[in-house]
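Participant: here is a sequence with its predicted model. Questions after.
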Amino acid sequence: MQSDPQPFNPDALIDRLARFAHTLPAIVRNFAPADTLWRPDAKSWSVLEVVCHLADEDTEDFPVRVFSTLQDPTKPWPPIDPEGWAISRDYQSKDLKAELSRFIELRSSNIDKLTALKDPNWSIAHNHPSFGPMIASDLLAAWCAHDALHLRQLTKRLHQLTARDAGPDSSTRYAGNW
């Protein structure tokens with residue numbers, strides 16, 4: 001049964017962003033240290049790379065775009081290269097604990113800034129050259145969705161590690177389908 005659509009709720013979204021600062025370290029603790037560097041294939045990111053990415057996103061992407069849009073929607077956004085950062089910033093060589101701490105500090109600061117906003121106009125839009133109008137409320141929601149996508153990615157990595165460690169002649173089908 002599907003519920004009725006709810007109105008935009010920035011407090012719920014900001015709360016979800018705040019809670020993710022506790023969720024990320026909790027999920028990362030489920031990985032053995034060596035497994036935080038493991039990639040199932042050449043295109044996938046390791047747990048460490050995901051954590052570094054999330055910290056960089058909380059520095060250079062979502063908060064910058066949300067606050068810029070709320071303050072001056074005509075101002076161009078600075079360019080970003082999230083996928084390229086993994087290589088150019090050598091995420092695999094970083095210290096996981098330091099990157100987790102960096103993420104938590106950044107997220108806490110961003111939550112403080114979001115909660116300090118006085119009557120923001122969440123319906124204001126920035127005209128993105130590729131995506132068209134980007135509404136501030138949608139950017140806030142996308143920030144939360146981005147966290148959830150990476151939480152799903154990390155959970156999938158736990159499943160992949162289990163399959164890896166079970167060996168080639170084993171099956172995890174009794175657990176259920178992924």
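Facilitator: Right, received. Where do you want to start?
Participant: pLDDT weak spots in this protein?
Facilitator: 1 (pLDDT under 70).
Participant: which element is the residue nearest the centre of the chain on?
Facilitator: The centre of the chain sits closest to Asp147, judged by C-alpha atoms, centre = their mean, with a distance of 3.3 Å. If you go by DSSP states H and E, Asp147 is part of helix 136-166.
Participant: circling back to that earlier point, for the residue nearest to the centre of the chain, what are its contacts?
Facilitator: Applying C-beta atoms under 8 Å, 6 or more residues apart in numbering to Asp147 gives the contacts Arg16, Leu17, Phe20, Thr23, Leu24, Leu54. Placement of C-beta: from N, CA and C, glycine included.
Participant: let's see it at 6 Å
Facilitator: Going by C-beta atoms under 6 Å, 6 or more residues apart in numbering, Asp147 touches Phe20.
Participant: again with Glu49
Facilitator: Glu49 sits next to Ala86, Tyr91 when contact means C-beta under 6 Å, 6+ apart.
Participant: mind checking how far it is from Thr74?
Facilitator: Distance check for Glu49 against Thr74: by C-beta to C-beta, to the nearest Å, it reads 34 Å.
Participant: His159 too?
Facilitator: From His159 over to Thr74 (counting by C-beta to C-beta), the distance is 45 Å.
Participant: got it, and Ala34?
Facilitator: Ala34 is 49 Å from Thr74, by C-beta to C-beta.
Participant: and if you look at Gln6?
Facilitator: In terms of C-beta to C-beta, Gln6 sits 30 Å off from Thr74.
Participant: just His128 next, same as before
Facilitator: 12 Å.
Participant: show me the helices in the chain, by range?
Facilitator: Taking DSSP state H as the criterion, the chain contains helices spanning 10-28, 47-60, 62-71, 82-88, 96-116, 136-166.
Participant: quick check: which of those helices is buried the most?
Facilitator: Greatest average neighbour count among the helices of the chain goes to helix 47-60 (a mean of 23), per mean count of other C-beta atoms under 10 Å.
Participant: what angle separates that helix from helix 10-28?
Facilitator: Interaxial angle, helix 47-60 versus helix 10-28 (axes from the mean of the first three to the mean of the last three C-alpha atoms, to 10 degrees): 150 degrees.
Participant: I appreciate the help and will end here.
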